[in-house]
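Peer 1: how would this look folded up:
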Amino acid sequence: MPRHQRPPGRELGRRSEAASHPFKGRDATDGATQVAADQSPRHALAPLVLVTTAGQRQIVTAACPAARALGLMPGMAATQARALVPGLDVRPADTEADGAAIYRLALHAVRHWTPGAAPTVDGLLLDLTGAAHLFGGEARFCRRVVAFCRRLGLTARIAVADTLGAAHAVARHASGPVTVVPLGGAAATVAPLPVAALRLTPEAIAAAARFGLDRIGDLLPMPRAPLARRLGLAAVERLDQALGRVAEPIVAIVPFEAPAAERRLLEPIGTAEAIATVIADIVRDLVDALRQRGLGARTVELVATRVDGRDERQVIGMSRATRDGAHLRRMLCQRIERIDPGLGLEVVRLIAIRAEPLAATAIASALAGGDPATDLAVTVDRLAGRIGESALFRVRPVESDVPERAVARAGVLAPGGTWPAWKRPVRLLRRPEVLTNVVALLPDHPPRRFAWRGATHAVVAGDGPERIHGEWWRRDAEIDAIRDYYRVEDEAGARFWLFRRGDGVDPATGDLSWYMHGLFG
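Peer 2: Numbers count the residues shown, from 1 in each chain. Predicted coordinates:
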């Protein structure tokens, strides 16, 4: 048939062009074609806007990029948005969830970027004074924050200026994601921006439009009295804040404000009795502060400021969160002898530097007429205050077949766990110790004689072996490792727990050396 009547090659079941490798990466043009195909109207999602109710109206508070491209902007009425874009996806805004997310970002900023951070309705305020150089400058810091937000799925716009008002206006109306306003250039930067960038009320914005004041630059040459009469005093204050004429400090959030109590003394004190009296007073105040916040103190710091300005610090820790005033007072009074009052103490402060939520205590047994359960935390704290916290511990089991890995140190009040039914020595050596001059029959008999720590022991009874394989998932050297453990008793009645490396048959399991690992009784 004529060429113009021939069907395309794809309709004939073949390709008229050479096929590319099925697993070879596409080039840039193919990728662009694929992206364009994926964004076809058949696969595209409907534009999305979030609305809130203000009186009898629904106002658009946020719009996705597709909705913004169609002319839908925050502040528009929801009915108007639906009329402009049929099939618009309209969802209610969750202001509480948005506020919680912004607050979490502010906490992250305080801990990682700058101590001066405060959340707003739709953003963060950061005070970069003395912190930007730690990140390589203001511009580099802003790029890092934009990249961080992008990893979270957020779109960030950042502006750095010498005033809070100028930074707020530029961040929301500048063209690029990052804008650094030069020092002293706030007025020139905000002049071409719309009046709404000054955080004015809707009434002030409507009045400015009525008088033909579209840009911030239109407000700069106007006298203050007529401007205040037309737009209100709040509009003039916002303009002065953006220009730096009126201070606008950032009220930074505090991640955790430690409960504290303080006493400023009329006269310096230096005797132990006077210090104990002051401690009793501030402990009472600290307990009240902890009770109001539902917390219990785990670590308390006593700071006593002397007349010469030197601070005497004593820190005590509790094994369990508590707000028992008598217990705290007793623990602190034990440290009085370590305080050097010098010429006298004039300020005493008590801070709960570590506090935890403390719930109510069950007293069902006491109400039923029985004896209340004994709280070991008080005894543990007293002993720790005298001999040190590191001297008090308990041993808990660990899921491991290797004996030296099967136990670990834990806190005194930590759960003990469930111990296995295997017989283990009372005392386990930190490391197995080599035995010499061992006489034993291979492969399964316990030793008849061995020397340990310079003494020779003749075995009169023995039991075993208990075979333990190495933990091959930890390291390759334990894939074939085997230990055969024996419980033996010498002629003096001492009982030992020792093992032999290897099974006595396969050399790959061990070199048949003997080790002492524990003692019974």
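Peer 1: What helix or strand is residue 468 located in?
Peer 2: Here residue 468 sits within strand 455-469, counting by DSSP states H and E.
Peer 1: Would you mind listing the buried residues in that strand?
Peer 2: Buried residues in strand 455-469, counted by 16 or more other Cβ atoms under 10 Å: 457, 459, 462, 464-465, 468. No exception for glycine: its C-beta is placed from N, CA and C like everyone else's.
Peer 1: Work out the sheet partners of that strand and label each with its direction, please.
Peer 2: Neighbouring strands of strand 455-469 in its sheet, by DSSP bridges, are strand 447-452 (antiparallel), strand 482-490 (antiparallel).
Peer 1: who's in contact with stretch 209-221?
Peer 2: By Cβ atoms under 8 Å, 6 or more residues apart in numbering, the residues outside stretch 209-221 that reach it are 169, 187, 190-195, 197-198, 208, 227, 230-231, 239, 242.
Peer 1: Could I have the buried ones of the residues you listed as ChimeraX selection syntax?
Peer 2: Remark: buried members of the contacts of stretch 209-221, expressed as a ChimeraX selection using 16+ other Cβ under 10 Å:
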select :169,190,193,194,195,197,198,208,227,230,231,239,242
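Peer 1: taking the contacts of stretch 209-221 one by one, which sit in helices?
Peer 2: Residues of the contacts of stretch 209-221 located in helices (DSSP state H): 169, 187, 190, 208, 227, 230-231, 239, 242.
Peer 1: What sits closest to residue 164 if chain neighbours are left out?
Peer 2: residue 248 (4.7 Å; Cβ to Cβ, 6 or more residues apart in numbering).
Peer 1: from the contacts of stretch 209-221, which is closest to residue 501?
Peer 2: The nearest member of these to residue 501, counting by Cβ to Cβ, is residue 169 at 76.0 Å.
Peer 1: And the longest helix anywhere in the chain, what does it pack against?
Peer 2: Longest helix of the chain, by residue count under DSSP H: helix 272-293. Secondary-structure packing of helix 272-293 (3 or more Cβ pairs under 8 Å, 6 or more residues apart in numbering; DSSP states H and E): strand 260-269, strand 295-306, helix 325-333, strand 345-357.
Peer 1: domains of this protein?
Peer 2: The record's domain parsing of the chain by automatic domain parsing lists 48-93, 103-243, 260-364, 427-520.
Peer 1: Show me where the stretch 351-500 of the chain has its helices.
Peer 2: For the stretch 351-500 of the chain, the helices defined by DSSP state H, counting those that start in this stretch cover 364-367, 376-387.
Peer 1: Redo those as JSON lines? Include distance to residue 138.
Peer 2: Shown next, in JSON lines, are the helices of the stretch 351-500 of the chain (distance: least, Cβ to Cβ, whole Å):
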{"stretch": "helix 364-367", "distance to residue 138": "61"}
{"stretch": "helix 376-387", "distance to residue 138": "49"}
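Peer 1: By mean pLDDT, show me the worst of those.
Peer 2: With a mean of 55, helix 364-367 has the lowest mean pLDDT of those.
Peer 1: And the nearest residue to residue 132 once chain neighbours are set aside, how close does it get to residue 348?
Peer 2: Nearest residue to residue 132, sequence neighbours excluded (Cβ to Cβ, 6+ apart): residue 138, at 4.6 Å. Counting by Cβ to Cβ, to the nearest Å, the gap from residue 138 to residue 348 is 43 Å.
Peer 1: Ok, residue 163 next?
Peer 2: For residue 163 relative to residue 348 (Cβ to Cβ), the value is 42 Å.
Peer 1: Please apply the same query to residue 475.
Peer 2: From residue 475 across to residue 348, the span is 55 Å (Cβ to Cβ).
Peer 1: likewise residue 90?
Peer 2: Relative to residue 348, and taking Cβ to Cβ, residue 90 is found at 60 Å.
Peer 1: Looking at these two, which is more packed in?
Peer 2: The neighbour count for residue 90 versus residue 348, taken as other Cβ atoms under 10 Å, is higher for residue 348 (22 against 17).
Peer 1: That one contacts residue 263, correct?
Peer 2: Yes - under the criterion of Cβ atoms under 8 Å, residue 348 makes contact with residue 263 at 4.9 Å.
Peer 1: Could you name every residue contacting both of the two?
Peer 2: 278, 282.
Peer 1: Excluding sequence neighbours, find me the nearest residue to residue 168.
Peer 2: residue 199 (6.5 Å).
Peer 1: Find me the pLDDT at that neighbour, would you?
Peer 2: 86.
Peer 1: Count the residues that sit near it.
Peer 2: 17.
Peer 1: Check the gap between it and residue 207 for me.
Peer 2: Taking Cβ to Cβ, one finds residue 199 at 15 Å from residue 207.
Peer 1: again with residue 353
Peer 2: Taking Cβ to Cβ, one finds residue 353 at 53 Å from residue 207.
Peer 1: Now do the contacts for the residue nearest to residue 168.
Peer 2: Contact analysis of residue 199 by Cβ under 8 Å, 6+ apart lists 165, 168-169, 238.
Peer 1: Dump these into JSON lines; add distance to residue 282 and pLDDT as well.
Peer 2: Below are the contacts of residue 199 laid out as JSON lines (distance: Cβ to Cβ, whole Å; pLDDT from 0 to 100):
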{"residue": "165", "distance to residue 282": "43", "pLDDT": "88"}
{"residue": "168", "distance to residue 282": "43", "pLDDT": "89"}
{"residue": "169", "distance to residue 282": "48", "pLDDT": "89"}
{"residue": "238", "distance to residue 282": "45", "pLDDT": "88"}
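Peer 1: Could you measure from residue 472 over to residue 257?
Peer 2: Counting by Cβ to Cβ, the gap from residue 472 to residue 257 is 51 Å.
Peer 1: more crowded one of those two?
Peer 2: Using other Cβ under 10 Å as the criterion, residue 472 and residue 257 rank with residue 472 on top: 12 against 8.
Peer 1: need the contact list for that one.
Peer 2: Contact analysis of residue 472 by Cβ under 8 Å, 6+ apart lists 478-479.
Peer 1: now swap in residue 78 and tell me
Peer 2: Counting by Cβ under 8 Å, 6+ apart, residue 78 has contacts 49, 51, 57-60, 90.
Peer 1: ok, it to residue 306 distance?
Peer 2: From residue 78 to residue 306 the distance is 66 Å (Cβ to Cβ).
Peer 1: At which residues are the strands of the stretch 1-150 of the chain located?
Peer 2: For the stretch 1-150 of the chain, strands defined by DSSP state E, counting those that start in this stretch occupy the ranges 48-54, 57-63, 89-92, 116-119, 124-127.
Peer 1: If we ignore the residues flanking it in sequence, what's nearest residue 251?
Peer 2: Going by Cβ to Cβ, 6+ apart, residue 251 has residue 118 as its nearest residue, at 5.6 Å.
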